[in-house]
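> Sharing a model that was predicted from the sequence below.
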Amino acid sequence: MRIPPDGLGFTLLLGALAGLPALSIDMALPALPEIRRALSCETATATATLSMFLLGFGTAQLIIGPLSDRVGRRPVLAVAMVLYVIGSAASSFAPSITALLVARSVQGAGAAGGTVLAFAIIRDLFDGEAARVRLATVSLVFSLAPVIAPTIGGAVMLLLGWRAIFVFQLVTGALLAAVALLGLPETRRDLPAPPYLAILRQRRTVAFGVVGALNLGTVFCVVAGAPLLLLGRHGLSTPMFGAVFAVITMGVLAGAGINRAAVHFGWAAAWPLGVGLGGAAVGALTGVVLGGERLTMLTVLVPIFLLATLSRGLVSPNVTHAALERIPAMAGAGSALIGSMQMLTGAFAGLVVGMMFDRFGPAGLMMTMTGFAIPALLTWIYVERRYR
């Protein structure tokens, strides 16, 4: 039975599909120390399982988007979800860290289908403010994933071990695939699919994609750095880490809620974009200025991290809307392009965080955050003036 596009169930399903990557990443955060011990690897290598997920996620989007423009959203979504289930199963049985890294990249490639096609389907069916409202609502729904995922992951690990986290993800992916394929209609517009070079020539799309990528790099510094700081330096227990990280990621949910309210009151997208990008830059710079022992205090770290996650909730839907707004014939490929840019930047941020943290400790994390947050703000200012 098809789910009506104007109904709440349709939006909730798209939000769940878009939130699958966040669930897949954040559920595994509490397990990183245990994975390191179980598979006898270095901390940086265990953290690389996050970057490998993002690497698979980012590269797969470059194929999924244009392919869905040519053959349809539903068949590509079906193949992607099968890949996600296979990657989850392989992760749960991985005998070595190398096998886990490969399995996580496959899982990330499958998760890309849900995110790319959720945004492409919205662009297929809705235009203008209607599209922006749906994107804001979907963002609000998938913002729940990073809030609850570490707590769920920690509970599953304590009860059944770290491998059960990936079994949980396997079951979740299979259920989402079944509901999506039964409930979602084919929405691809009957328009000729352009080559990728045509999208790259859309300077406005690429420019907003760069803003979104740098912003996600800032946020992924928090995702990759939080376990190193909170579980490593602070020695928090797994349940306590889940609780603190849930507070940190509430910023995404709050930002998405504020953004939805902004749409309701008719505020221009520049307002949430400017506040989000500016707040992240201020937080990162504050961390660099404070430095030293103060960065080991939760009362300092949590507000800085909250500014970064709040920025994501404010920035993400508006960047996506701005990037896709003027390319209706290329919605799938355009969504894939900006998504790929974001995830590959996130993967790079995770690797840099690991190296900078090993060398400079908490200060290295803040320097890395600043290296993404300031360029994100400056790029947005340029884009607003050049491509308004």
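Yep, it's here.
> residue boundaries of the helices in the stretch 151-300 of the chain?
With DSSP state H, counting those that start in this stretch as the criterion, the stretch 151-300 of the chain has helices at 163-183, 196-200, 203-226, 238-264, 270-290, 298-324.
> Out of those helices, which is closest to Glu42?
Nearest of the helices of the stretch 151-300 of the chain to Glu42, taken as C-beta to C-beta: helix 203-226 at 14.4 Å. C-betas here are computed from N, CA, C, even on glycine.
> quick revisit: worst mean pLDDT among the helices of the stretch 151-300 of the chain?
Ranked on mean pLDDT, the bottom entry among the helices of the stretch 151-300 of the chain is helix 196-200, at a mean of 71.
> Show me what that helix is packed against.
For helix 196-200, the contact count by 3 or more C-beta pairs under 8 Å, 6 or more residues apart in numbering; DSSP states H and E identifies helix 203-226, helix 331-360 as packing neighbours.
> So which of the ones you listed is nearest His234?
Taking C-beta to C-beta, helix 203-226 is the member of those nearest to His234, at 10.0 Å.
> Which positions in that closest one come out as buried?
Under the neighbour-count criterion of 16 or more other C-beta atoms under 10 Å, helix 203-226 has 204-226 buried.
> and it, what does it pack onto?
Here helix 203-226 touches helix 43-71, helix 196-200, helix 238-264, helix 270-290, helix 298-324, helix 331-360, helix 362-386, going by 3+ C-beta pairs under 8 Å, 6+ apart.
> for the ones you listed, which one sits closest to Leu175?
Closest among those, using C-beta to C-beta: helix 43-71, at 20.0 Å.
> So for that closest one, what gets flagged as buried?
43-69.
> can you check stretch 155-168 too?
Buried residues in stretch 155-168 (16+ other C-beta under 10 Å): 155-158, 162-168.
> what's the answer for stretch 32-43, then?
32-36, 38-39, 41, 43.
> Next, format the helices of the stretch 151-300 of the chain as a markdown table and append distance to Leu83.
Output for the helices of the stretch 151-300 of the chain, formatted as a markdown table (distance: least, C-beta to C-beta, whole Å):
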| stretch | distance to Leu83 |
| --- | --- |
| helix 163-183 | 9 |
| helix 196-200 | 21 |
| helix 203-226 | 22 |
| helix 238-264 | 26 |
| helix 270-290 | 32 |
| helix 298-324 | 23 |
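> Among those, which comes closest to Pro375?
Pro375 lies closest, by C-beta to C-beta, to one member of the helices of the stretch 151-300 of the chain: helix 203-226, at 5.3 Å.
> Work out the gap between the closest one and the centre of the chain.
Put simply, helix 203-226 sits 9 Å off its chain's centre (C-alpha atoms, centre = their mean, to the nearest Å).
> Quick check: the gap between Pro4 and Ile381.
41 Å (C-beta to C-beta, to the nearest Å).
> more crowded one of these two?
In terms of neighbours (other C-beta atoms under 10 Å), Ile381 is the more surrounded of Pro4 and Ile381; the figures are 14 against 10.
> show me what contacts the residue lying closest to Tyr84 once chain neighbours are set aside?
Spatial nearest neighbour of Tyr84, excluding adjacent residues (C-beta to C-beta, 6 or more residues apart in numbering): Gly110 at 2.9 Å. By C-beta atoms under 8 Å, 6 or more residues apart in numbering, the residues touching Gly110 are 60, 80-87, 173.
> Give me the subset of the residues you listed that lies in helices.
60, 80-87, 173 (DSSP state H).
> Phe357: which of the helices of the stretch 151-300 of the chain is closest?
Across the helices of the stretch 151-300 of the chain, Phe357 has its closest neighbour in helix 203-226 (6.5 Å, C-beta to C-beta).
> How about stretch 351-358, which residues are buried there?
Of all the residues in stretch 351-358, those buried under the rule 16+ other C-beta under 10 Å are 351-354, 356-357.
> Check pLDDT for those residues and point me to the minimum.
Within the buried residues of stretch 351-358, the minimum per-residue pLDDT falls on Gly354 (77).
> Give me the distance between the residue nearest to it when sequence neighbours are not counted and Arg36.
Ranked by C-beta to C-beta, 6+ apart and with sequence neighbours excluded, the top spatial neighbour of Gly354 is Ala44, at 4.2 Å. Noted for Ala44: a distance of 9 Å to Arg36, by C-beta to C-beta.
> same question, Gly278
Counting by C-beta to C-beta, the gap between Gly278 and Arg36 amounts to 37 Å.
> circling back to that earlier point, let me know the helix or strand that the residue nearest to Tyr84 is in.
Gly110 belongs to helix 97-125 when elements are defined using DSSP states H and E.
> For that helix, give the mean pLDDT please.
87.
> buried set for it?
For helix 97-125, by 16+ other C-beta under 10 Å, it's 97, 100-125.
> go on, stretch 276-283?
Applying 16+ other C-beta under 10 Å to stretch 276-283 flags 276-281, 283 as buried.
> In CSV: those, plus distance to Ala180.
Below are the buried residues of stretch 276-283 laid out as CSV (distance: C-beta to C-beta, whole Å):
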residue, distance to Ala180
Gly276, 30
Leu277, 33
Gly278, 37
Gly279, 34
Ala280, 32
Ala281, 37
Gly283, 36
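> what's the offset of the host helix or strand of Gly15 from the middle of its chain?
Assigned by DSSP H and E, Gly15 belongs to helix 8-26. Put simply, helix 8-26 sits 11 Å off its chain's centre (C-alpha atoms, centre = their mean).
> could I get that helix in CSV with only the CA atoms?
The C-alpha trace of helix 8-26 is given here as CSV (Å, rounded to 0.1, in the frame of the first residue of the first chain):
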residue,chain,number,x,y,z
LEU,A,8,3.1,12.6,8.0
GLY,A,9,4.0,8.9,7.5
PHE,A,10,5.7,9.8,4.2
THR,A,11,7.9,12.4,5.8
LEU,A,12,8.7,10.2,8.8
LEU,A,13,9.8,7.4,6.4
LEU,A,14,12.0,9.7,4.4
GLY,A,15,13.5,11.1,7.7
ALA,A,16,14.3,7.5,8.9
LEU,A,17,16.0,6.7,5.6
ALA,A,18,18.0,9.9,5.7
GLY,A,19,18.9,9.2,9.4
LEU,A,20,20.3,5.7,8.7
PRO,A,21,23.9,7.0,8.3
ALA,A,22,23.8,8.9,11.6
LEU,A,23,22.4,5.8,13.4
SER,A,24,25.1,3.6,11.8
ILE,A,25,27.9,6.0,12.9
ASP,A,26,26.8,7.1,16.3
